[in-house]
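# Take a look and give me a structure for this.
(2 chains)
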Amino acid sequence: DVKVTQSSRYLVKRTGEKVFLECVQDMDHENMFWYRQDPGLGLRLIYFSYDVKMKEKGDIPEGYSVSREKKERFSLILESASTNQTSMYLCASSQPWEGEGGNYGYTFGSGTRLTVV
Amino acid sequence: DAKTTQPTSMDCAEGRAANLPCNHSTISGNEYVYWYRQIHSQGPQYIIHGLKNNETNEMASLIITEDRKSSTLILPHATLRDTAVYYCIVRGPISGNTGKLIFGQGTTLQVKP
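Residues are numbered from 1 along each chain as shown, chains lettered A, B, ... in the order given. From the prediction side, this is the model:
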């Protein structure tokens, strides 16, 4: 069964800590994404990557960085965690557009619920 | 990407068909309609997608109007486990290479016994 695996389901960190959220996919997908989800705000894109070592900012990149050294792994880094980064973080992967007939949907991980205290 | 409009919430009786509408009046000719659902505290799950024709899989059916300005996701026999937030999303080649999807607020479907 194809999967996107996020390393932690629940995480509690202190303000100011550097936090790493890891995501691994086994589908050989080119594209990977990090979203955060907050009540009333829906899913918001933080960063995405369309190739190894490539990254692009999403809608809310401030306070975050990412790393993609290998195709299957995409890491989200909170340089100095703050309480307003308490959220559910979702990783996803997909294939790039290659013409009609394909399935370019996302496969999501189960999410990491991060609490910053 | 085209924007989508969905009702905020819907109820459905267990065992009955759930019909979830989505309006995407600005959809382009080469944009697909995707449906996802998110059960509480889990990651969104792909359900189905289509371009012009109606589609069916083991989870649901997707009916797209002839002008493609709206679609309906049909869960033929809803169960309590189908209670979730359902997202309708449009995606096409413009966003294709980067694959960025824009999620709206979705429809919260409550299946009741």
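
# Only C-alpha atoms from now on, for both contacts and neighbour counts.
Will do.

# now stretch A:31-41: mean pLDDT?
On average, the pLDDT along stretch A:31-41 is 91.

# Kindly apply the preceding question to stretch B:21-32 instead.
Averaged across stretch B:21-32, the pLDDT comes to 88.

# Show the end-to-end separation of it, please.
End-to-end distance for stretch B:21-32, by CA to CA, to the nearest Å: 16 Å.

# helix or strand right after the one helix or strand in chain B whose mean pLDDT sits lowest?
None of the helices or strands of chain B scores lower by mean pLDDT, DSSP states H and E than helix B:93-96, at a mean of 51. The first helix or strand that comes after helix B:93-96 along the chain, using DSSP states H and E, is strand B:107-112.

# Can you list the strands that that next one pairs with?
Counting by DSSP bridges, the strands paired with strand B:107-112 are strand B:9-13 (parallel), strand B:84-91 (antiparallel).

# Just list whatever residues bridge to the residue sitting nearest the centre point of chain A.
The residue lying closest to the centre of chain A (CA atoms, centre = their mean) is A:W34, at 2.3 Å. Judged by DSSP bridges, the bridge partners of A:W34 are A:Y47, A:C91.

# Now for it: which residues touch it?
Counting by CA atoms under 8 Å, 6 or more residues apart in numbering or on different chains, A:W34 touches A:45-48, A:76, A:89-92.

# for B:V111, what are its contacts?
Neighbouring residues of B:V111 by CA under 8 Å, 6+ apart: B:11-14, B:78-83.

# make it 6 Å
Contact partners of B:V111, counting by CA atoms under 6 Å, 6 or more residues apart in numbering or on different chains, are B:11-14, B:80, B:83.
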